[in-house]
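Q: Here is a sequence with its predicted model. Questions after.
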Amino acid sequence: MSLRVINEDRVEPGEGFGTHGHSEFEIFSYIVDGELEHRDSLGNLEIMKRGEVQMTSTGTGVRHSEYNRNPSKEVHLLQIWAKPYQSRLPVKYYNRVFTDEEKTNKLVKIVAPVEDEDVIDEREAKGPIPIHSKVRVFASILNPSKEETHTPQPDAKFTLIHNIMRSGYRQPADKPIEGGAQFRVTNDKESHTLQEGDSLYIDGEISGDLKFENVASKDAEFLVFEM
């Protein structure tokens, strides 16, 4: 399976990850809230904010650091790693912006294989970030009582759905966040309700559409990974 890591991180003011190296992975950050400084050995220096998705194709090797320079506000992000299907790729950096308006009550493709016809292989462009892995990622913000459906891609063999913890950090892990977002995922065989921080993994092809229904009083922000 191409997808290797999904970390939902919160970085305190003034904290971060010092300069370190990566190679042979596609690493991208989905900014939920706050600001994250990215600096790397390619000469990139950016302050990423909510709605931004940044991906580094680390290929032959790159060094980078990530810090929260804000003096009073934490940064909340998801960092996701995928294994490319080809080794020794040239190092590349990509950045996209997907606004709340674009994602509200619909699924927006934010990451897709570079071969897909709607992908533009440029540092900054419209549409999904190109990735050298058989992974597609969709993002959505679903309002209370709203529903949406998604037709899985024909080549999807595995699916993972993650409900982002917008309302706070979930501790202990098995205790739902009081008043947090919830949505129901249904296909023609089964139905599951995801609390904030929950992920649903579906092994195998999905027949029919996936239906998402917000069953709480708060917006639900979530990601769908197809592999």
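A: Here it is on my side, so go on.
Q: what residues are up against the residue nearest to the spatial centre of the chain?
A: Most central in the chain under Cα atoms, centre = their mean is Y30, positioned 5.1 Å from the mean C-alpha point. By Cβ atoms under 8 Å, 6 or more residues apart in numbering, the residues touching Y30 are V53, L77, L78, Q79, I80, I110, A139, L223. From N, CA and C alone the C-beta is placed, and that goes for glycine too.
Q: What separation do you get for the closest residue to the third one other than its chain neighbours and V111?
A: Excluding its sequence neighbours, the residue lying closest to L78 (Cβ to Cβ, 6 or more residues apart in numbering) is Y30, at 4.3 Å. Here the criterion is Cβ to Cβ, to the nearest Å. By it, Y30 lies 9 Å from V111.
Q: Any chance you could list residues touching both of those two?
A: In contact with both Y30 and V111: V53, using Cβ under 8 Å, 6+ apart.
Q: hang on, the earlier thing: mind listing which of the contacts of Y30 are in strands?
A: When DSSP state E is applied, those are split such that V53, L77, L78, Q79, I80, I110, A139, L223 fall in strands.
Q: what pLDDT does the residue nearest to the centre of the chain get?
A: Predicted confidence (pLDDT) for Y30: 98.
Q: Tell me if it really is in a strand.
A: Yes. According to DSSP: H, G, I helix; E, B strand; the rest coil, Y30 belongs to a strand.
Q: do you know how far it is from R63?
A: For Y30 relative to R63 (Cβ to Cβ), the value is 22 Å.
Q: how about the ones in strands among the contacts of Y30 in JSON lines, adding neighbour count and pLDDT?
A: Converted to JSON lines, those look like this (neighbours: other Cβ atoms under 10 Å; pLDDT from 0 to 100):
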{"residue": "V53", "neighbour count": "23", "pLDDT": "98"}
{"residue": "L77", "neighbour count": "25", "pLDDT": "98"}
{"residue": "L78", "neighbour count": "21", "pLDDT": "98"}
{"residue": "Q79", "neighbour count": "17", "pLDDT": "96"}
{"residue": "I80", "neighbour count": "25", "pLDDT": "97"}
{"residue": "I110", "neighbour count": "22", "pLDDT": "98"}
{"residue": "A139", "neighbour count": "22", "pLDDT": "98"}
{"residue": "L223", "neighbour count": "21", "pLDDT": "98"}
